[in-house]
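Peer 1: give the three-dimensional model of this entry:
(2 chains)
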Amino acid sequence: MKTSIANFRLFSILAIMAFVTFSFNVVAQGGGEEEGLPLALIFLLPFILLSLFGIVWMILWPAMFVWGAVFSGAKVERMHEEANQRRDSLSKRMGREILNSIDGGYRTDVSSAGLVHANGVFGPSHWHLMIGFVNNLIGGSVTVFQQVISAGRAEVMQRLREQAEEDGWDEVINVRIDTASMTPQSSNTRNTVRGVEIFAYGTGIKYE
Amino acid sequence: MQQVVNGILVVNTETIPGKVITETMGVVSGSTVRAKNVGKDIFAGLKNIVGGELTQYTELLQESRNEAVGRMVADAMSIGATAVVNVRFATSAITAGAAELFAYGTAVKYE
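Peer 2: Numbers count the residues shown, from 1 in each chain, chains lettered A, B, ... in the order given. Below is the predicted model:
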């Protein structure tokens, strides 16, 4: 398995090198003619785009990293606070808390029922990942990740309430909350999106 | 809105509130694997640096889950059920850009 991957890599490197030399040859041959330039562009375009992307990424990444280091903590707190405010205003409007995790069957005056679900994918910033890494070495509770996930969970539960209100349910019973990692164990740890999906679902019921 | 999908009632409780189940017809399931395009993956990667919600992936999972529920309902319709009770969801990420969503439940007939 390992050797076949190594062979494949070698093959792709050789193929790319052959392609590049071929395109340079084409450019060199057609340099003096009028048609030479567009043909060269067509051959070299993927490589030009790739290098442009690399340059943009080199400038963008540190800038966004610093931005995240300065603002991401406050942003997470603001998200949590906003979700709590929306929850309070909704419970004032409806008169009560509408999510219940108990199973159905305690009410007999139900006219209709149906599935309600809401979800969200939340990720810690790279700055938070760095702090989390240091925190992991020391041990104990990793507060930065816990903040992100609890803010996300508050947001998703609020979305479930709003979805239930939009669909016209009086109450949601049997609410379950699932948390699944978006980053699979098998993938390489660099260059993958670190995120957690939070998914809440329940049965909306309408009274008679 | 989600109340009745193609004429089939879908709930995640063991009984249907306000109705009586007369017959169970076995487990029905639906699954889907979906991925976003490369551009949205790149945007999600950029968004990941500053943290917060990754809207592209939220949408992706929402769409795929609706599709999985739709396939489960089609499965229930094909065996002649009128409702699906005790629905459960399972999620597994295959790579960072693609996810498998699986929905299963018990097909029943109710009065």
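
Peer 1: tell me where chain B has helices.
Peer 2: Under the criterion DSSP state H, chain B carries helices at the ranges B:38-50, B:55-78.

Peer 1: which of those helices is buried the deepest?
Peer 2: Comparing the helices of chain B by mean neighbour count (mean count of other CB atoms under 10 Å in any protein chain shown), helix B:55-78 ranks first with a mean of 19. Heads up, the C-betas are built off the backbone N, CA and C, glycines and all.

Peer 1: alpha carbons of that one, as PDB, please.
Peer 2: Output of helix B:55-78 as PDB, limited to C-alpha atoms (Å, rounded to 0.1, in the frame of the first residue of the first chain):
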ATOM      1  CA  THR B  55     -22.000  28.300   7.000                       C
ATOM      2  CA  GLN B  56     -21.100  26.300   3.900                       C
ATOM      3  CA  TYR B  57     -20.900  23.000   5.900                       C
ATOM      4  CA  THR B  58     -24.100  23.900   7.800                       C
ATOM      5  CA  GLU B  59     -26.000  24.200   4.500                       C
ATOM      6  CA  LEU B  60     -24.300  21.000   3.200                       C
ATOM      7  CA  LEU B  61     -25.400  18.900   6.100                       C
ATOM      8  CA  GLN B  62     -28.900  20.400   6.200                       C
ATOM      9  CA  GLU B  63     -29.500  19.600   2.500                       C
ATOM     10  CA  SER B  64     -28.000  16.100   2.900                       C
ATOM     11  CA  ARG B  65     -30.100  15.400   5.900                       C
ATOM     12  CA  ASN B  66     -33.300  16.400   4.100                       C
ATOM     13  CA  GLU B  67     -32.300  14.100   1.300                       C
ATOM     14  CA  ALA B  68     -31.700  11.200   3.700                       C
ATOM     15  CA  VAL B  69     -35.100  11.700   5.300                       C
ATOM     16  CA  GLY B  70     -36.600  11.800   1.800                       C
ATOM     17  CA  ARG B  71     -35.100   8.500   0.900                       C
ATOM     18  CA  MET B  72     -36.200   7.000   4.200                       C
ATOM     19  CA  VAL B  73     -39.800   8.200   3.400                       C
ATOM     20  CA  ALA B  74     -39.600   6.700  -0.100                       C
ATOM     21  CA  ASP B  75     -38.500   3.400   1.500                       C
ATOM     22  CA  ALA B  76     -41.500   3.500   3.800                       C
ATOM     23  CA  MET B  77     -43.900   4.400   1.000                       C
ATOM     24  CA  SER B  78     -42.600   1.400  -1.100                       C
END
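
Peer 1: that helix - contacts with which helices or strands?
Peer 2: Applying 3 or more CB pairs under 8 Å, 6 or more residues apart in numbering or on different chains; DSSP states H and E, one finds that helix B:55-78 contacts strand A:110-123, strand A:196-207, strand B:4-5, strand B:8-10, strand B:21-35, helix B:38-50, strand B:83-93, strand B:98-110.

Peer 1: so who does whichever residue of chain B sits closest to chain A touch?
Peer 2: At 2.9 Å from chain A, B:Gly51 is the closest residue in chain B, using CB to the nearest CB. Going by CB atoms under 8 Å, 6 or more residues apart in numbering or on different chains, B:Gly51 touches A:68, A:72, A:75-76, A:123-128, A:148.

Peer 1: packing partners for the helix or strand of chain A with the lowest mean pLDDT?
Peer 2: In chain A, no helix or strand scores lower on mean pLDDT, DSSP states H and E than helix A:2-29, which sits at a mean of 75. With contacts defined as 3+ CB pairs under 8 Å, 6+ apart, helix A:2-29 has these neighbours: helix A:36-94.
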